[in-house]
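# let's see this in three dimensions:
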Amino acid sequence: MGITAKQIAKELNISTAAVSMALNNKPGVSNETRRKIVETAKAMGYDFSKNDLSKSETKTIAFVFFHKNFVFDTPFFTELATSIESTIHDKGYKLAVYHIHDLDNIEEQIDLIQYSGCTGMILLGTIMQPESIKPFENVKIPIVLLDTYIPGAKIDCVVINNTEGARSVTDYLIRKCKAQPGYLHSSQYLHNVEERQDGFYKAVRQNGMATSKSIVHHVSPSVDGAYADMMELINNNEPLASCYFADNDEIAIGAMRAFKEKGYKIPEDISIVGFDNMSYSLYVDPSLTTVNVPKSYMGKIAANRLIEIMNEEFHYTTKIEINTNLIIRKSVR
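So this is what the prediction gives:
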């Protein structure tokens, strides 16, 4: 005989009604109480499959941020979340935002989400590694992975074409500057960064240049971090290139600040391009040439794809890749 709500209630010294409400996705219990009930039920071997999530009165989609020494506080991620919320609201859903850190008990956190009334999940996996996705492959609700692709994972994903975006902006940089480009490479590994690296070197080769001759600086992927790292490199008299591709706008802006403080003129002495088209890249001096990522469109596509999956009778795993476009401003001579 399976574990019952009454047994769970006795274990926690709470009412059977509270346990029933939590396990059946009903209102009436606090988030903390619901969490304790789900954790205890799982530990006692409760059969969650008998709770039909499709009968939940709430129509809620979870937007899950996966963290690993990374803070999602930039306008990039805010714009994604706003777009997702707007899209699902028009279709009668609410958005619930969750944060999972790689040091958490991930399986436990997933259970709390899928048994709290959510009928689908959009997972922001920007910093996820292949091993990080495994617990999410077993969720019992539809899921879409956003802003990364993990080969072999049987999960729909929505990504941008990082390789072509980096290739096109690096090609533009080479043609304008007529010089071997340097590379401001993120010191934090991300799948997106790996693809942008491929695009950078592809452009170098296509222009008849040796990839080994490109000066590469590994810097922190933030404005302050890139500034500090670049100042140290300059102070150590490291060789500098006359033009650079940066893995993101924050790196580009931090490096620009360091160059300018050391007396280099942008773009007369050093040209630089970024990636992402963050809102503030328009307002730095000079304004930053960069690759535009259609953030709102990405969020909209991810939300629509999730809702499609939720209504599909048969599901075939799909990868949706969205193209970028070049934004030409004043940071290239």
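# going forward, measure contacts and count neighbours with C-alpha atoms only.
Noted.
# how about the strands in the stretch 51-200 of the chain?
60-67, 94-101, 118-124, 143-146, 156-160, 182-186 (DSSP state E, counting those that start in this stretch).
# which secondary structure elements does the fifth one sit against?
Taking 3 or more CA pairs under 8 Å, 6 or more residues apart in numbering; DSSP states H and E as the contact definition, the neighbouring helices and strands of strand 156-160 are strand 143-146, helix 295-311, strand 319-322.
# give me the buried stretch members for stretch 107-117, please.
109-117 (16 or more other CA atoms under 10 Å).
# would you reformat these as CSV and include pLDDT and distance to residue 224?
Below are the buried residues of stretch 107-117 laid out as CSV (pLDDT from 0 to 100; distance: CA to CA, whole Å):
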residue, pLDDT, distance to residue 224
109, 85, 32
110, 86, 34
111, 82, 37
112, 81, 36
113, 84, 35
114, 77, 38
115, 74, 40
116, 76, 39
117, 76, 40
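# between these, which is closest to residue 199?
Closest to residue 199 out of those is residue 110 (34.8 Å), distances taken as CA to CA.
# residues in contact with that closest one?
Residues in contact with residue 110 (CA atoms under 8 Å, 6 or more residues apart in numbering) are 136, 139.
# mind checking how far it is from residue 190?
23 Å (CA to CA, to the nearest Å).
# then residue 45?
37 Å.
# who has more neighbours, these two?
Neighbours were tallied for residue 45 and for residue 190 using other CA atoms under 10 Å; the higher tally belongs to residue 190 (16 against 11).
# burial count for the closest residue to the more buried one other than its chain neighbours?
Counting by CA to CA, 6 or more residues apart in numbering, the nearest residue to residue 190 once its immediate chain neighbours are dropped is residue 127, at 5.6 Å. Neighbourhood size, residue 127 [other CA under 10 Å]: 20.
# who are the contact partners of residue 127?
So residue 127 contacts 66-68, 70, 148, 189-191 (CA under 8 Å, 6+ apart).
# turn the residues you listed into CSV, columns for distance to residue 34.
Conversion of these to CSV gives the following (distance: CA to CA, whole Å):
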residue, distance to residue 34
66, 22
67, 23
68, 26
70, 28
148, 31
189, 36
190, 34
191, 35
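# lowest-pLDDT helix or strand in this protein?
helix 16-23 (a mean of 79; mean pLDDT, DSSP states H and E).
# helix or strand for residue 203, which one?
Per DSSP states H and E: residue 203 is located in helix 191-206.
# give me the sheet partners of the next helix or strand after that helix and which way each runs.
Proceeding N to C from helix 191-206, the next assigned helix or strand is strand 216-219, under DSSP H and E. Partners of strand 216-219 in the sheet, by DSSP bridges, are strand 182-186 (parallel).
# measure how the partner strand sits relative to helix 191-206, angle-wise.
Angle of strand 182-186 versus helix 191-206, following axes from the mean of the first three to the mean of the last three CA atoms, to 10 degrees, is 170 degrees.
# let's number from 128 now, not from 1
Taking 128 as the first residue, the last one we looked at is strand 309-313.
# quick one: mean pLDDT for strand 309-313?
Computed over strand 309-313, the mean pLDDT rounds to 98.
# just the CA trace of it, in PDB.
C-alpha atoms of strand 309-313 as PDB (Å, rounded to 0.1, in the frame of the first residue of the first chain):
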ATOM      1  CA  GLY A 309      42.600  40.600 -31.300                       C
ATOM      2  CA  TYR A 310      40.200  38.600 -29.200                       C
ATOM      3  CA  LEU A 311      38.900  39.700 -25.800                       C
ATOM      4  CA  HIS A 312      37.900  36.200 -24.600                       C
ATOM      5  CA  SER A 313      35.600  35.500 -21.700                       C
END
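# hmm, residue 247 is touching residue 436, no?
No: the criterion here is CA atoms under 8 Å, and residue 247 misses it with residue 436 at 9.0 Å.
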